[in-house]
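Trainee: Sequence first, then the predicted structure, then my questions.
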Amino acid sequence: MKSWKLRNIRAAAVLLLLPAALTGCQRQQIPSEQRIHIGVTYYNRNDTYLNELLEHFKQDVKQKEKNAVHIAVTVTDAGGSQKTQDDQVKELIDAGCNVLCVNLVDRSAPSEIIDMAREKGISVIFFNREPVAEDLLQQDGLYYVGADAKESGVMQGELAADWIRENSWIDRNRDGKIQYVVLEGEPGHQDAIIRTENAVETIRNEGIELEKLSYQMANWNRAQAQNRMEQMISQYQNGIELVLANNDDMALGAMDAYKKRNYTESALPVFFGIDGTKEGLQAVMDSRMAGTVYNDKEGQAEAMARLAVALVSGEGMDEIEFEKEKYIYLPYKKVTKENAASLYQENKYDE
Ligand code: BGC
Ligand code: CA
């Protein structure tokens with residue numbers, strides 16, 4: 001059935017090309033058109049940060065279309081399953097994609113995808129969920145676009161230390177220590193543990209005494225974070241002074257938990273996130289969240305779009321700067337009430 005269909009499509013394509021071929025000899029040679037078909041697969045369509053990043057990516061790609069260069073993008077959601085993602089990559093290749101952007105479900109399991117890409121001679125740009133170096137270095141045509149997890153943790157720690165120094169009343173029980181809890185992203189994700197460790201270490205290095213009450217995993221997810229936070233509030237009541245979340249969605253979930261319990265503003269802990277998503281920036285602008293760290297989604301999206309187009313067209317590769325020939329890391333940026341509104345505007349969320 002499939003091959004019958006294919007044959008017919010081919011026959012139709014030949015028919016369509018025929019008039020051009022017949023008249024071609026009278027015209028000047030027109031440079032052949034280029035088709036870039038980018039296949040994207042990402043780990044889960046419920047992820048706020050990645051949805052925002054991919055919106056930017058689609059816009060960037062559109063802007064790169066020129067007269068003779070047609071670009072199509074197909075985005076698929078792996079629904080949290082590596083097996084599904086491997087199948088999707090096969091389908092994307094079968095559908096004619098000539099470059100892939102892959103946000104791995106399981107960042108330790110890219111080998112099927114790498115094998116398929118090698119067989120077909122297609123380049124792969126991994127993004128946001130970083131494969132281990134041995135996997136990336138094993139063949140040509142594999143790249144990574146993302147950011148350095150440690151940098152975001154250090155910045156979150158610096159933001160928190162500055163804020164605590166200026167607002168010493170947050171030590172509500174006046175024991176000279178800040179009682180804190182952490183909401184952590186998915187286990188195994190490069191951004192989870194590294195962010196936590198560096199944030200906590202940085203606050204300590206700045207001379208602030210901390211006391212850890214609890215760590216809870218909430219998989220980057222707002223509803224899960226709300227749930228975990230409700231449990232922690234039941235356990236520690238007013239004892240929590242600081243909430244460090246590995247991303248904005250979980251910081252927002254923690255705030256949801258306090259809101260549900262009708263906590264008055266004066267009894268709330270101070271919250272810090274990472275990402276600078278639409279709602280994250282809004283929360284900083286409204287002083288509900290003390291600070292966040294901007295995870296440069298525009299920069300990452302633009303780097304992916306440029307690289308994808310350059311890899312297929314063969315043009316512009318020289319202008320792209322890589323680390324270790326394969327990596328592009330975009331810098332993080334601290335966000336406080338002072339710059340949140342301008343970042344919000346740059347994102348054009350209101351348009
Ligand atoms: C972001 C999270 C996101 C995760 C997905 C992280 O870099 O900070 O918000 O959920 O990537 O992989
Ligand atoms: Ca205290």
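Mentor: Done, it's in. Ligands and ions are numbered 1, 2, ... in the order given.

Trainee: Run a quick neighbour tally on the nearest residue to A254 once chain neighbours are set aside.
Mentor: Using Cβ to Cβ, 6 or more residues apart in numbering and skipping the chain neighbours, the partner closest in space to A254 is M229 (4.3 Å). Backbone N, C-alpha and C define where each C-beta goes, glycine included. Using other Cβ atoms under 10 Å, M229 has 29 other residues around it.

Trainee: can you pull the contacts of M229?
Mentor: V181, L183, Q216, V243, G253, A254, D256, A257, Y258 (Cβ atoms under 8 Å, 6 or more residues apart in numbering).

Trainee: Next: K326.
Mentor: By Cβ under 8 Å, 6+ apart, the contact list for K326 reads L136, L137, L142, Y143, Y144.

Trainee: contacting residues for the fourth one?
Mentor: In other words, Y143. By Cβ under 8 Å, 6+ apart, Y143 lies in contact with S123, V124, I125, F126, L136, L307, F322, K326, Y327, I328.

Trainee: The contacts of K326 in helices, which ones?
Mentor: Secondary structure from DSSP state H places L136, L137 of those in helices.

Trainee: Any chance of TSV for the contacts of K326, columns distance to ligand 1 and pLDDT?
Mentor: Formatted as TSV, the contacts of K326 follow (distance: Cβ to the nearest ligand atom, whole Å; pLDDT from 0 to 100):
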residue	distance to ligand 1	pLDDT
L136	17	97
L137	22	95
L142	18	98
Y143	17	98
Y144	13	98
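
Trainee: Separate out the buried members of the contacts of K326.
Mentor: Among those, those classed as buried by 16 or more other Cβ atoms under 10 Å are L136, L142, Y143, Y144.

Trainee: follow-up on the earlier one: narrow the contacts of Y143 to those in helices?
Mentor: Using DSSP H, these in helices are L136, L307.

Trainee: Only the buried subset of the contacts of Y143, as a PyMOL command please.
Mentor: To isolate the buried members of these in PyMOL, using 16+ other Cβ under 10 Å:
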select buried, resi 123+124+125+126+136+307+326+327+328
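
Trainee: before we move on, the earlier item: give me the element the residue nearest to A254 is part of.
Mentor: M229 is located in helix 222-236, with elements delineated by DSSP states H and E.

Trainee: any idea of the mean pLDDT in the very next helix or strand once past that helix?
Mentor: Next along the chain after helix 222-236, taking DSSP H and E as the criterion, comes strand 242-245. Average pLDDT, strand 242-245: 98.

Trainee: Give me the residues contacting strand 242-245.
Mentor: Outside strand 242-245, the residues that reach it (Cβ under 8 Å, 6+ apart) are 156, 160, 164, 170, 178-183, 196, 199-200, 210, 225, 229, 251, 253-254, 269-274.

Trainee: Compute the distance between the closest residue to ligand 2 within the stretch 1-150 of the chain and A283, please.
Mentor: The minimum distance from the stretch 1-150 of the chain to ligand 2, using Cβ to the ion, falls at K150 (27.3 Å). Distance from K150 to A283, counting by Cβ to Cβ, to the nearest Å: 24 Å.

Trainee: Show me which of the two is the more surrounded one.
Mentor: Taking neighbours as other Cβ under 10 Å, K150 and A283 compare with A283 leading, 21 against 15.

Trainee: Let me know the pLDDT of the more buried one.
Mentor: For A283, the predicted pLDDT is 98.

Trainee: what sits against it?
Mentor: Residues near A283 by Cβ under 8 Å, 6+ apart: D248, A251, L252, M255, F271, G273, M289, T292.

Trainee: Check which helix or strand it maps to.
Mentor: According to DSSP H and E, A283 maps onto helix 278-285.

Trainee: Run through who's touching whichever helix or strand comes after that helix.
Mentor: Once helix 278-285 ends, the next helix or strand along the chain (criterion: DSSP H and E) is strand 292-294. Here strand 292-294 makes contact (Cβ under 8 Å, 6+ apart) with 152, 155-156, 159, 248, 251, 272-276, 280-281, 283-284, 332-335, 340, 343.

Trainee: go again using 6 Å as the cut-off
Mentor: Strand 292-294 has contacts (Cβ atoms under 6 Å, 6 or more residues apart in numbering) with S152, M155, Q156, D248, G273, I274, G276, G280, V284, Y332, K333, V335.

Trainee: now swap in stretch 92-100 and tell me
Mentor: H37, I38, G39, K120, S123, V124, A308, L311, V312.
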